[in-house]
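> Have a look at this prediction, sequence included:
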Amino acid sequence: MAHPKSRFKKWQGIVLVLLLITGLAWVLTPAFLKKALIHQLPGIHDHQIFPNRTVETGQPQPWPASSRYNQIRPEAVQLDSLALMQTTAFLVVQNDSILFEYYADGVKRTDISNSFSAAKSIVSLLIGCAMDDGFIKSVDQSVDALLPDYPNLHHKGLKLKHLLTMSSGSNWDEAYSTAFSITTKAYYGNNLPSLMKEVQMAETPGETFSYRSGDTQLLALILTRVTGQTLSDYAAEKLWQPMGAETEALWSLDRKNGMEKAYCCFNSHARDFARLGQLVLNKGHWKGRQLISEEYLEAATHPATHLKDSKGKSVTYYGYQWWLMDHQQEIIPYARGILGQYIFIIPSQKAVIVRLGHLRSDTRIGEHPTDAYTWVNMGRDLLDQQ
């Protein structure tokens with residue numbers, strides 16, 4: 001029978017070997033995977049774990065309050081929905097004035113939140129600005145010419161319009177729960193321009209709608225090339241400053257002084273997000289200035305019905321990086337993020353609805369999360385109470 005001390009030393013050795021193996025495995029683990037393992041699922045305050053670039057504001061233009069500001073209230077069941085879905089902010093703007101706003105306990109009006117994929121709609125607006133500035137000739141420009149050093153995208157007829165309408169036909173894998181997917185690498189990795197060179201053409205572009213964050217990141221690469229500016233600086237010049245944003249925004253980067261995570265990570269608060277909706281509502285006008293051409297916004301918020309989706313149905317719900325909801329016989333353009341970040345434009349009521357929070361519904365009505373209807377109905381009910 002082995003002596004107790006001998007058995008103890010044996011176990012000590014085994015533990016030491018296991019620790020050495022674990023340590024070696026951790027050292028050899030890719031940086032993006034380490035971040036993914038540490039931080040797990042994305043959250044609305046992830047700007048705190050990434051380097052960021054500031055989107056500078058200029059002269060703030062605070063929203064005026066409506067004469068009926070917060071005098072109307074959601075119904076009890078609607079307030080329950082706000083709490084149940086962990087809403088942090090809910091805002092309704094009508095006729096250029098704030099009609100109603102709600103913030104969860106402990107949330108300040110100026111607390112910034114990740115917009116997640118609502119950032120895609122901002123990138124679309126910047127493409128419109130770049131066209132107005134003459135940096136981009138048209139949405140029919142060839143990606144081969146715009147990104148000459150990305151040969152994996154060449155020789156298939158890929159155009160800017162295909163990226164805008166999520167019909168690139170690339171092999172981008174939009175998987176959020178797979179540790180080794182390119183989407184995870186993009187979110188937690190540190191070299192987006194290099195990562196995008198892994199993207200290859202798998203299908204004929206311009207035929208099938210398939211939601212790909214990589215399409216937006218390629219649009220951002222094009223914007224930085226043609227404008228000679230970072231995405232944040234161009235957004236500040238063309239949108240944030242002329243719209244009079246009250247607070248500097250943060251756009252999360254892949255690394256310090258690197259590239260913006262264009263498809264996901266623009267951080268601001270409800271009042272300033274509402275400006276983006278108001279700009280679309282105003283057809284690109286902002287207090288006497290035309291910030292984006294009406295023609296571009298008309299195309300951006302028009303469904304790409306020439307495309308088919310994976311079910312073979314016509315794409316009636318998506319334009320140029322903007323979702324489109326058919327609600328009460330009206331088409332409502334909106335931006336949306338994975339944790340329930342929404343900017344809705346209600347043309348018939350000259351209104352904008354913003355909802356921010358931690359949760360989004362897992363069920364859908366068509367291509368729209370069911371909670372999107374909850375927030376639109378809530379906003380419209382408040383508007384109807386006047």
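Received it, and whenever you're ready, just let me know what you need.

> where along the stretch 51-200 of the chain do the strands fall?
For the stretch 51-200 of the chain, applying DSSP state E, counting those that start in this stretch gives strands covering 52-55, 87-94, 97-103, 113-114.

> Now do the host helix or strand of residue 336: which elements does it pack against?
Taking DSSP states H and E as the definition, residue 336 sits inside strand 330-337. Here strand 330-337 touches helix 118-132, helix 270-281, strand 323-327, strand 341-346, helix 370-384, going by 3 or more C-beta pairs under 8 Å, 6 or more residues apart in numbering; DSSP states H and E. (Glycine included, C-beta is placed from N, CA and C.)

> Within the sheet, what are the partner strands of it, with directions?
strand 323-327 (antiparallel), strand 341-346 (antiparallel) (DSSP bridges).

> Distance from the chain centre to stretch 86-99, please.
Remark: stretch 86-99 is offset 19 Å from the chain centroid, using C-alpha atoms, centre = their mean, to the nearest Å.

> Would you work out how far apart the start and end of that stretch are?
Length of stretch 86-99, first residue to last, C-alpha to C-alpha, to the nearest Å: 22 Å.

> in it, what's buried?
With burial defined by 16 or more other C-beta atoms under 10 Å, the residues of stretch 86-99 counted as buried are 87, 88, 89, 90, 91, 92, 93, 94, 98, 99.

> ok so, going back, tell me the buried residues in the strand holding residue 336?
331, 332, 333, 334, 335, 336, 337.

> quick one, it and helix 270-281 angle?
Counting by axes from the mean of the first three to the mean of the last three C-alpha atoms, to 10 degrees, strand 330-337 lies at 140 degrees to helix 270-281.

> For strand 330-337, which outside residues touch it?
114-122, 264, 276-277, 280, 300-301, 303, 319, 322-326, 341-348, 360, 369, 372, 376 (C-beta atoms under 8 Å, 6 or more residues apart in numbering).

> Using CSV, write out every CA atom in that strand.
Extracted C-alpha coordinates of strand 330-337, given in CSV (Å, rounded to 0.1, in the frame of the first residue of the first chain):
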residue,chain,number,x,y,z
GLU,A,330,-48.0,52.3,-43.7
ILE,A,331,-44.4,51.4,-44.5
ILE,A,332,-42.3,52.2,-41.4
PRO,A,333,-38.5,52.3,-42.0
TYR,A,334,-36.5,51.3,-38.9
ALA,A,335,-33.1,50.5,-37.6
ARG,A,336,-32.7,47.5,-35.3
GLY,A,337,-30.1,45.9,-33.0
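
> how distant is that strand from the center of its chain?
Relative to its chain's centre, strand 330-337 lies at 13 Å (C-alpha atoms, centre = their mean).

> what do you get for stretch 302-320?
In terms of C-alpha atoms, centre = their mean, the centre of stretch 302-320 is found 20 Å from the chain centre.

> now what about it, what contacts it?
With contact meaning C-beta under 8 Å, 6+ apart, stretch 302-320 is reached by 124, 127, 139, 164-167, 206-210, 299-301, 323-326, 331, 333, 366-368.

> Try it again at 7 Å.
For stretch 302-320, contacts defined as C-beta atoms under 7 Å, 6 or more residues apart in numbering pick out 124, 164-167, 207-210, 299-301, 323-324, 366-367.

> Now the terminal residues of it, how far apart.
End-to-end for stretch 302-320, by C-alpha to C-alpha: 8 Å.

> pLDDT of that stretch, averaged?
Average pLDDT, stretch 302-320: 97.

> and that stretch, which residues are buried?
Using 16+ other C-beta under 10 Å as the burial criterion, the residues of stretch 302-320 that qualify are 303, 304, 307, 309, 315, 317, 318, 319, 320.

> Can you say which of the strands of the stretch 51-200 of the chain is nearest to residue 229?
Of all those, strand 52-55 sits nearest to residue 229, with 11.1 Å by C-beta to C-beta.

> Worst mean pLDDT across the helices and strands of this structure, which element?
helix 31-39 (a mean of 49; mean pLDDT, DSSP states H and E).

> so what's residue 181 scoring on pLDDT?
85.

> any idea of the pLDDT on the closest residue to it other than its chain neighbours?
Among residues not flanking residue 181 along the chain, residue 175 sits closest, at 3.8 Å (C-beta to C-beta, 6 or more residues apart in numbering). Predicted confidence (pLDDT) for residue 175: 81.

> quick one: residue 175 and residue 184, what's the gap?
Distance of residue 175 to residue 184, computed by C-beta to C-beta, to the nearest Å: 8 Å.

> one step back: with distance to residue 41 and mean pLDDT added, can I get the strands of the stretch 51-200 of the chain in CSV?
Below are these laid out as CSV (distance: least, C-beta to C-beta, whole Å; pLDDT from 0 to 100):
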stretch, distance to residue 41, mean pLDDT
strand 52-55, 20, 98
strand 87-94, 17, 98
strand 97-103, 23, 98
strand 113-114, 12, 98
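
> Output those strands as CSV; include the columns distance to residue 252.
Output for those, formatted as CSV (distance: least, C-beta to C-beta, whole Å):
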stretch, distance to residue 252
strand 52-55, 5
strand 87-94, 18
strand 97-103, 23
strand 113-114, 8
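
> hmm, back to that, any chance of a PyMOL selection covering the buried ones in the contacts of stretch 302-320?
In PyMOL syntax, the buried subset of the contacts of stretch 302-320 is picked out as below (16+ other C-beta under 10 Å):
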select buried, resi 124+164+165+166+167+208+209+210+299+300+301+323+324+367
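
> Many thanks, have a good one.
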